[in-house]
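Q: Structure here, sequence nowhere to be found:
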C-alpha cells in the first residue's frame with residue numbers, strides 16, 4: 001500500500017514528539033497529578049482520596065514547613081546576598097548569581 005492515511009501509532013508518535021519538544025523548551029521542577037475521584041466523574045471530588053495523595057506526595061509537609069516561616073524557594077540574587085559571607089572570595093569571582101550560589105554550597109559542603 002502506498003500513501004495511506006496516518007496510523008494510530010504515527011499520530012501518537014507525532015503528539016509525543018510535540019510534547020517532548022515543549023518539555024525540552026521549559027525547565028519544570030516537578031509535576032504533581034492528583035486524581036480527584038475513583039469514578040472518573042467530572043467535577044467529583046473525594047476529599048479522603050485527595051488528602052491521601054497530598055500526604056504521600058509530601059504536599060502537606062511542604063505546607064507545614066512554609067507555615068513555620070522557613071523559605072521553600074529563593075532566587076539566586078537573594079541567596080547570594082544572604083549567604084555571601086560564607087564564601088565571599090569565591091562569590092566575588094563567580095560569573096553570575098547561580099555560580100555564586102554554587103560556590104557557597106560547595107564551600108559549606110552541601111549538595112546543589
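A: Sure thing, it's come through. Keep in mind that this is a model prediction, so the values were computed, not measured. Numbers count the residues shown, from 1 in each chain.
Q: what secondary structure does the residue nearest the centre of the chain sit in?
A: By C-alpha atoms, centre = their mean, the mean C-alpha position of the chain lies nearest to residue 29, the distance being 1.6 Å. Using DSSP: H, G, I helix; E, B strand; the rest coil, the three-state assignment for residue 29 comes out as coil.
Q: ok, it to residue 73 distance?
A: Using C-beta to C-beta, to the nearest Å, one obtains 9 Å as the distance from residue 29 to residue 73. (C-beta placed from N, C-alpha, C; glycine too.)
Q: give me the low-pLDDT residue ranges for this structure?
A: 1-4, 28, 30, 71-72, 111-112 (pLDDT under 70).
Q: list the buried ones in stretch 84-97?
A: Residues 84, 87, 90-91, 94, 97 are the ones in stretch 84-97 that count as buried (16 or more other C-beta atoms under 10 Å).
Q: what do you get for stretch 50-65?
A: By neighbour count, and taking 16+ other C-beta under 10 Å as the criterion, the buried residues in stretch 50-65 are residue 54.
Q: Would you map the helices across the protein?
A: In the chain, the segments counted as helices under DSSP state H are 8-25, 47-57, 59-67, 76-83, 88-93, 97-107.
Q: From the chain's centroid, how far away is the first one?
A: In this case it means helix 8-25. 21 Å (C-alpha atoms, centre = their mean, to the nearest Å).
Q: And the shortest one, by the same measure?
A: From the chain centre to the centre of helix 88-93 is a distance of 29 Å (C-alpha atoms, centre = their mean).
Q: now swap in the third one and tell me
A: Between the centre of helix 59-67 and the centre of its host chain there is 16 Å, according to C-alpha atoms, centre = their mean.
Q: In terms of secondary structure, what does it contact?
A: In terms of contact count using 3 or more C-beta pairs under 8 Å, 6 or more residues apart in numbering; DSSP states H and E, helix 59-67 is assigned no packing partners among helices or strands.
Q: Nice, that's everything, thank you.
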